[in-house]
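Visitor: for reference, the sequence and a predicted model appear below.
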Amino acid sequence: MLSITSADFQRHFGRYQDEALKEPLAITRNGRERLVVLSAEEYHRLKRRDREVLGLDDFTAADLEAIRQTEPPPEAAAFDDECR
């Protein structure tokens, strides 16, 4: 991801609009990232991936039991070390 200062972004706004169509741009201020500019297409793609977060209270007893009974597929064993 390309990183530019906010001053440079203001001076060359048109150029960076075109760049943001190709890849997200990180806009920095005082050396720290503050904003990311991305294409509308990428924004909408990310929004489609939004997911609702549920708490345990949102599940029925049957839902929780179904989760308890679920077994991971054998190929998931490759990720066991990430849970330790």
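Guide: Yes, it's here.

Visitor: pLDDT-wise, which helix or strand of the chain ranks last?
Guide: Using mean pLDDT, DSSP states H and E, helix 40-48 stands out as the lowest-scoring helix or strand of the chain, at a mean of 92.

Visitor: for that one, give me every contacting residue.
Guide: P24 (CB atoms under 8 Å, 6 or more residues apart in numbering). To be clear about C-beta, it is placed using only N, CA and C from the backbone, and glycine gets the same treatment.

Visitor: that helix: which residues count as buried?
Guide: Neighbour-count burial for helix 40-48, counted by 16 or more other CB atoms under 10 Å, picks out no residue.

Visitor: following element in sequence after that helix, please.
Guide: helix 61-69 (DSSP states H and E).

Visitor: now that next one: how far from the chain's centre is it?
Guide: 29 Å (CA atoms, centre = their mean, to the nearest Å).

Visitor: go through that helix and flag the buried ones.
Guide: Neighbour counts over helix 61-69 (16+ other CB under 10 Å) mark no residue as buried.

Visitor: average pLDDT for it?
Guide: On average, the pLDDT along helix 61-69 is 94.

Visitor: same thing with stretch 18-31?
Guide: Rounded mean pLDDT across stretch 18-31 is 96.

Visitor: which residues touch F9?
Guide: By CB under 8 Å, 6+ apart, the contact list for F9 reads 16, 25, 27, 37.

Visitor: what's in contact with the helix or strand containing R15?
Guide: Following DSSP H and E, the helix or strand that holds R15 is helix 13-22. Helix 13-22 is contacted by residues 2, 4, 8-9, 25, 37-39 when judged by CB under 8 Å, 6+ apart.

Visitor: farthest pair within the residues you listed?
Guide: With CB to CB as the measure, no two of the contacts of helix 13-22 lie farther apart than D8 and S39, at 19.3 Å.

Visitor: what lies in contact with stretch 59-69?
Guide: L56.
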